[in-house]
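Participant: Task: produce atomic coordinates for the following.
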Amino acid sequence: MKENIKELRSHFEKALQGFLKSELAGYPGVKVTKNKIAVSHKESGAVANLHFEYLANSRAYETIILVEHPTLQAELDSIGPPYPSNLPNAKFVYSMSTVSEDDACPLLPVTEQGIESTCQRLLRRLQEIDLPIVSNLLNLGPGLVNDVIARPKYFSYPVPLIFIALRSNGMKPDADTLARILSEQTLGYTNHREQKDSFNKQLLAALG
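Facilitator: Here you go, the predicted structure:
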């Protein structure tokens, strides 16, 4: 059985690599290798790595995404939030695993039809969710504001990152957006509640 699983994995992973290479050929800065997609941003030196990891216990694949962004990290350092990052590794501005997302770890397919369906499913998530988030991060796009609000726990410093995105794009939040930015969900009130609340309100006030 172990040998059979090994063969199934090898066959699927080879098919997935070829499929994603073809489908993502037009994306700037994208390089597809076995079980991995790297997205680089020359101007800032930022890089995102998306790994497809096999989970032996569940016979499924999780996607792990890690983003390093030296320019953005330097801006965060200059802002100097007085509370720790959401992420255990200080060099990342974004870190997530689809294990914590509902129905986002497809099973190892065992038929040709299953391989095609699983490749399409992974591509759909990449195109609709993961790659747009990565693009907004690497390019400091205006969509980064809503990305952080929607998934704050995956970002190192949610509100300072929103502040940088707003400032970089010459944007000012309306009352509804501001309320969402300063919500308990975005701030992550588990620890350092008063520090976060006070510092982030002052930070956003600097937008004028």
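Participant: mind listing what's buried in the least confident helix or strand in the chain by mean pLDDT?
Facilitator: When the helices and strands of the chain are scored by mean pLDDT, DSSP states H and E, helix 184-187 comes last with a mean of 86. Neighbour-count burial for helix 184-187, counted by 16 or more other Cβ atoms under 10 Å, picks out 186, 187. Every C-beta, even on glycine, is put in place using the N, C-alpha and C of the backbone.
Participant: For the following helix or strand past it, list every residue counted as buried.
Facilitator: Proceeding N to C from helix 184-187, the next assigned helix or strand is helix 193-205, under DSSP states H and E. Judged by neighbour count (16+ other Cβ under 10 Å), helix 193-205 contains these buried residues: 196, 199, 200, 203, 204.
Participant: Contacts for helix 193-205 next, please.
Facilitator: Helix 193-205 is contacted from outside by 79, 81-83, 159-160, 163, 173, 178, 181-182, 187-189, using Cβ atoms under 8 Å, 6 or more residues apart in numbering.
Participant: Dump that helix to PDB, keeping only the CA atoms.
Facilitator: What follows is helix 193-205 as a C-alpha-only set of coordinates in PDB (Å, rounded to 0.1, in the frame of the first residue of the first chain):
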ATOM      1  CA  ARG A 193      -5.300  44.900  23.800                       C
ATOM      2  CA  GLU A 194      -4.700  48.500  25.200                       C
ATOM      3  CA  GLN A 195      -1.400  48.900  23.300                       C
ATOM      4  CA  LYS A 196      -2.900  47.800  20.100                       C
ATOM      5  CA  ASP A 197      -6.000  49.900  20.400                       C
ATOM      6  CA  SER A 198      -4.200  53.100  21.400                       C
ATOM      7  CA  PHE A 199      -1.300  52.800  18.900                       C
ATOM      8  CA  ASN A 200      -3.400  51.800  15.900                       C
ATOM      9  CA  LYS A 201      -5.900  54.600  16.400                       C
ATOM     10  CA  GLN A 202      -3.000  57.100  16.500                       C
ATOM     11  CA  LEU A 203      -1.400  55.600  13.500                       C
ATOM     12  CA  LEU A 204      -4.600  55.800  11.400                       C
ATOM     13  CA  ALA A 205      -5.200  59.300  12.600                       C
END
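Participant: Can you give the distance from that helix to the centre of its chain?
Facilitator: In terms of Cα atoms, centre = their mean, to the nearest Å, the centre of helix 193-205 is found 24 Å from the chain centre.
Participant: do stretch 167-174 as well
Facilitator: Put simply, stretch 167-174 sits 22 Å off its chain's centre (Cα atoms, centre = their mean).
Participant: who touches it?
Facilitator: 140, 141, 142, 145, 165, 166, 181, 204, 207, 208.
Participant: Ok, stretch 99-115 next?
Facilitator: Residues outside stretch 99-115 that contact it (Cβ under 8 Å, 6+ apart) are 5, 8-9, 11-12, 15-16, 54-55, 58-63, 98, 117-118, 121-122, 125.
Participant: Just the buried ones among the residues you listed, please.
Facilitator: The neighbour count (16+ other Cβ under 10 Å) marks 8-9, 12, 15-16, 60-63, 98, 118, 122, 125 as buried among these.
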